[in-house]
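need a 3D model of the following:
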Amino acid sequence: ISLRVIRACKELGIPTVAIYSDVDDLSLHTKFADEAICVGPGDPRKSYLNIPAIIAAAELTNADAIHPGYGFLSENAEFSDICNENNLSFIGPSAHIINTMGNKSVAKETMESFGIPVIPGSKGNISTLDEGLSVANEIGYPVIIKAASGGGGRGMRIVNNPSEFELAFSTAQAEAKISFNDSNVYLEKYFIKPKHIEIQII
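Now for the predicted structure:
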C-alpha cells in the first residue's frame with residue numbers, strides 16, 4: 001500500500017515521507033520515499049498507533065497531508081480530527097463518516113435503520129463471552145467474530161462450534177486491540193461459500 005501511494009505521489013511530483021517502526025527500517029517503503037522517520041519500536045501500539053509520534057513526524061518534515069494506508073489508524077475518527085486540527089489533510093473519510101461506517105457494528109446498525117438487509121448476528125458489539133455464546137447459539141454455527149474497527153482481515157476468527165468460542169473470542173479481541181487500539185468485536189453468521197458483489201461509489 002505504501003509503495004503504491006509513494007509511486008502515485010512521485011507521478012504527481014509530490015515529495016513523500018515514510019514512517020516506520022525500528023524493526024521496519026529496511027522495508028522498501030523507507031527506501032523509495034524522499035524521507036523516512038522512525039516513530040517508535042516494533043510494538044504497533046508504540047509506533048503505528050502512536051498518534052503524537054506520527055503528528056510530530058509530520059510537523060518535523062513540514063508535511064501537508066497524511067495517507068493512513070489501511071488498518072492501524074486509517075479508520076480512527078480521533079486521528080482524522082487531530083490531523084485537521086494540526087492543518088494536515090487526512091487522506092480518507094471525515095471523522096463523522098468514520099464513526100458511522102468505519103466501526104463495522106455501528107455501520108451495520110445504520111444500514112438496518114434504513115431497512116437494508118444485513119447478515120444475522122449480534123446487535124452491536126459483544127461485551128462478554130456469555131453474550132457471544134448466546135448469539136452464536138441463536139443464529140447457529142459456524143459464526144465469525146470480527147473486530148468492530150477492523151480492516152485488512154485482522155481481528156477475525158471463524159468459530160465452528162461452542163468449544164472453540166472462548167479462545168477465538170479472546171484472540172480476536174487481543175488482535176483487534178493491537179491492530180486498531182480498539183478491542184471491541186461483534187459476531188455474524190459465517191457463510192462458507194458466499195458470492196461477493198461489491199459496488200464502489202466515488
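
residues making contact with stretch 40-57?
With contacts defined as Cβ atoms under 8 Å, 6 or more residues apart in numbering, stretch 40-57 is touched by 17, 19-24, 37-39, 63, 66, 72-73, 78-79, 82-83, 86, 88, 178-181. The C-beta positions use only the backbone N, C-alpha and C, and glycine is treated the same way.

please redo it, this time with the cut-off set to 10 Å
Stretch 40-57 has contacts (Cβ atoms under 10 Å, 6 or more residues apart in numbering) with 17-24, 35-39, 63, 66, 68-69, 71-73, 76, 78-79, 82-83, 85-86, 88, 177-181.

now the terminal residues of that stretch, how far apart.
11 Å (Cα to Cα, to the nearest Å).

again with stretch 139-147
Length of stretch 139-147, first residue to last, Cα to Cα: 19 Å.

out of the contacts of stretch 40-57, which sit inside strands?
Assignment to strands by DSSP state E places the following of these there: 17, 18, 19, 20, 21, 35, 36, 37, 38, 39, 66.

wait, the first one sits on residue 32?
No: using Cβ atoms under 10 Å, residue 17 makes no contact with residue 32, being 11.5 Å away.

so for the two, which residue has more residues nearby?
Neighbour tally, residue 17 and residue 32, criterion other Cβ atoms under 10 Å: the higher count belongs to residue 17, 18 against 15.

can you name the next helix or strand after the helix ranked longest in the chain?
Longest helix in the chain by number of residues (criterion: DSSP state H): helix 162-180. For helix 162-180, the following helix or strand on the C-terminal side (DSSP states H and E) is strand 185-189.

distance of residue 188 from residue 142?
Applying Cβ to Cβ, to the nearest Å, the value for residue 188 to residue 142 is 10 Å.

contacting residues for the residue most central in space within the chain?
Centroid-nearest residue in the chain, with Cα atoms, centre = their mean: residue 71, separated by 3.4 Å. Residues near residue 71 by Cβ under 10 Å, 6+ apart: 1, 44, 48-49, 147, 149-155, 179-180.

can you add neighbour count and give those back as CSV?
Shown next, in CSV, are the contacts of residue 71 (neighbours: other Cβ atoms under 10 Å):
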residue, neighbour count
1, 13
44, 17
48, 23
49, 22
147, 29
149, 27
150, 24
151, 17
152, 15
153, 10
154, 18
155, 28
179, 22
180, 27
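
including distance to residue 192, could these go into CSV?
Converted to CSV, the contacts of residue 71 look like this (distance: Cβ to Cβ, whole Å):
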residue, distance to residue 192
1, 29
44, 31
48, 33
49, 33
147, 21
149, 26
150, 20
151, 23
152, 22
153, 17
154, 21
155, 20
179, 25
180, 26
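
tell me which residues in the lowest-mean-pLDDT helix or strand in the chain are buried?
The helix or strand of the chain with the poorest confidence is helix 104-113; it has a mean of 86 (mean pLDDT, DSSP states H and E). Across helix 104-113, burial judged by 16 or more other Cβ atoms under 10 Å covers 104, 105, 106, 108.
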